[in-house]
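**Q** Sequence plus predicted model, see below.
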Amino acid sequence: MTPLEERISSSPSTSLPLSPTSRRSPMPRETPKTPKVERSHSAEGSEGEDGFGEDELSPMTPAITIVQPTGETDLSHPPSEQNSRRTSRRSSEDSSAEGESDAAGDDWPPKPPIVRFRAQMEFSKEFQAEDSKKHRRASLDKADESKKLQGADEVIEDMTLTWINIYFKLTVHTERQLTAGFPIIVLSMMDVIYPKKVRWHQVNWNTAYIRALNQNHAVLNKHWYEVNMNKVKDLRQEAVGHIEATLHATASEKLDFLKQVKRWFDCRVLHSKAYDPVKRRTEMEKQIRLTGRWMKFPVWMEFDKEEIQANRARKPDPKDRKSGKKEATTDFEKMPEFRRLLWFLGSSEHQTM
């Protein structure tokens, strides 16, 4: 035995160093083998299709390795049943894809037409027959007539109404005219006693219609309570009733109400300045036009047509800065500001607010 063999035999625990080529990786530990489950696929099936449905696993079951088909069939599910399930699954996917494509292709909301429906109808009217035009014109006139005031055209003979026509330059003679002009008559009386209180731009001057009558009565009720007309002795609710009730009152009741208002007017007009109804209406038209509204007086109201047309044709002078200011007409307006303040406070001893 050679000395090298004796050394190896005497020390069995030692090992000679191995070359890099002779080194081996450690052997992996053996893991418990999981049973392989083979799943058969039909000829129509696609490769790489994820399993779901009957192939889903519960958390309690071990992992199952899917093996590619090797020609063996699964005995648990017949091929016919598997084919039907895959066919139904594929058809449902195709239908959902088609629905998404259709929804994406539709334009919603739809675009409006190039020409409006109303414009189309107006354009087609020119080519209608003459009989249809007459029928439509008659129906429009009938609908417009239903919106107008209804009342008798008999002449009313009353002293109060006669005085109103003379003083305010009116020609109200019939019941229909009295119904339409009642709120404007009362507002004119209040305008004489309380100048610059009545907001005439809120009045609807299309007095032939029911809508204008309702609007004018609403304006009258608002101004009536603003100046405390309901607290006057002769105009209290116990004497003449509510002002709101005059909207549906008869002609005789409205004349009685105007008679009480005339008594109050006669007592207060002595302390007011001179009143020219025609000139005042010219100023009213100018004020209303400055608010951007267009108005036309009723036929039963007198006004200076030439003066109004001249005011409408006249253009403001941009160089004249005082064109918008009004000239002082009363002694109070001509006073200096400090003296008007003293008059407002009532005494020279109290010159502070």
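**A** It's in.
**Q** Could you pull out the strands in the chain for me?
**A** For the chain, the strands defined by DSSP state E cover 37-38, 66-67.
**Q** Least reliable of those strands by average pLDDT, please.
**A** For the strands of the chain, mean pLDDT drops lowest on strand 37-38, to a mean of 48.
**Q** I'd assumed residue 297 was in contact with residue 288.
**A** No: here residue 288 does not reach residue 297: they are 10.6 Å apart, not a contact under Cβ atoms under 8 Å. For glycine as for every other residue, the C-beta is placed from the backbone atoms N, C-alpha and C.
**Q** Could you pull up the contacting residues of the residue nearest to residue 198 when sequence neighbours are not counted?
**A** Of all residues not flanking residue 198 in the chain, residue 191 sits nearest, at 4.5 Å (Cβ to Cβ, 6 or more residues apart in numbering). Contacts here follow Cβ atoms under 8 Å, 6 or more residues apart in numbering; on that basis residue 191 touches 197-198, 200, 280.
**Q** and which of the residues you listed is nearest residue 114?
**A** Nearest to residue 114 among the contacts of residue 191 is residue 200, at 44.7 Å by Cβ to Cβ.
**Q** Could you tell me how many residues sit around the closest residue to that closest one other than its chain neighbours?
**A** Sequence neighbours aside, residue 284 is the residue nearest to residue 200 in space, at 4.9 Å (criterion: Cβ to Cβ, 6+ apart). Burial of residue 284 is recorded as 20 neighbouring residues (other Cβ atoms under 10 Å).
**Q** ok, residue 284 to residue 109 distance?
**A** To residue 109, residue 284 is 49 Å away according to Cβ to Cβ, to the nearest Å.
**Q** Let me see the residues that make contact with stretch 296-310.
**A** Contacts with stretch 296-310, where a contact means Cβ under 8 Å, 6+ apart, come from 169-172, 177, 180-181, 184, 205, 207-208, 277-279, 281-282, 285.
**Q** run the last query once more with 7 Å
**A** Outside stretch 296-310, the residues that touch it by Cβ atoms under 7 Å, 6 or more residues apart in numbering are 169-172, 177, 181, 205, 207, 278, 281-282, 285.
**Q** Those, buried ones only, as a ChimeraX selection?
**A** Filtering the contacts of stretch 296-310 down to the buried ones (16 or more other Cβ atoms under 10 Å) takes a single ChimeraX command:
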select :170,172,177,181,205,207,281,282,285
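**Q** would a markdown table of the contacts of stretch 296-310 with pLDDT and distance to residue 341 be doable?
**A** Shown next, in a markdown table, are the contacts of stretch 296-310 (pLDDT from 0 to 100; distance: Cβ to Cβ, whole Å):
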| residue | pLDDT | distance to residue 341 |
| --- | --- | --- |
| 169 | 94 | 38 |
| 170 | 94 | 41 |
| 171 | 94 | 46 |
| 172 | 94 | 44 |
| 177 | 92 | 47 |
| 181 | 93 | 41 |
| 205 | 93 | 39 |
| 207 | 90 | 43 |
| 278 | 94 | 36 |
| 281 | 94 | 34 |
| 282 | 93 | 33 |
| 285 | 92 | 34 |
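**Q** In helices, which of the contacts of stretch 296-310 appear?
**A** Counted as lying in helices by DSSP state H, out of these, are 177, 181, 278, 281-282, 285.
**Q** For residue 177, give me its contacts.
**A** Going by Cβ under 7 Å, 6+ apart, residue 177 touches residue 300.
**Q** going forward, begin numbering at 33 instead of 1
**A** All right, first residue 33 from here; so that's residue 209.
**Q** Now do the helices for the stretch 183-332 of the chain: every range, in order, please.
**A** Assigned by DSSP state H, counting those that start in this stretch, the helices in the stretch 183-332 of the chain fall at 191-199, 207-225, 242-258, 269-272, 283-300, 309-322.
**Q** what's the third one packed up against?
**A** The reference is to helix 242-258. Judged by 3 or more Cβ pairs under 7 Å, 6 or more residues apart in numbering; DSSP states H and E, helix 242-258 is in contact with helix 207-225.
**Q** Buried residues in the helix it packs on, which are they?
**A** Result for helix 207-225 [16+ other Cβ under 10 Å]: buried residues 207-225.
**Q** Show me the shaky parts of the protein.
**A** Flagging of the chain using pLDDT under 70 yields the residue ranges 33-138, 147, 271, 348-360, 379-385.
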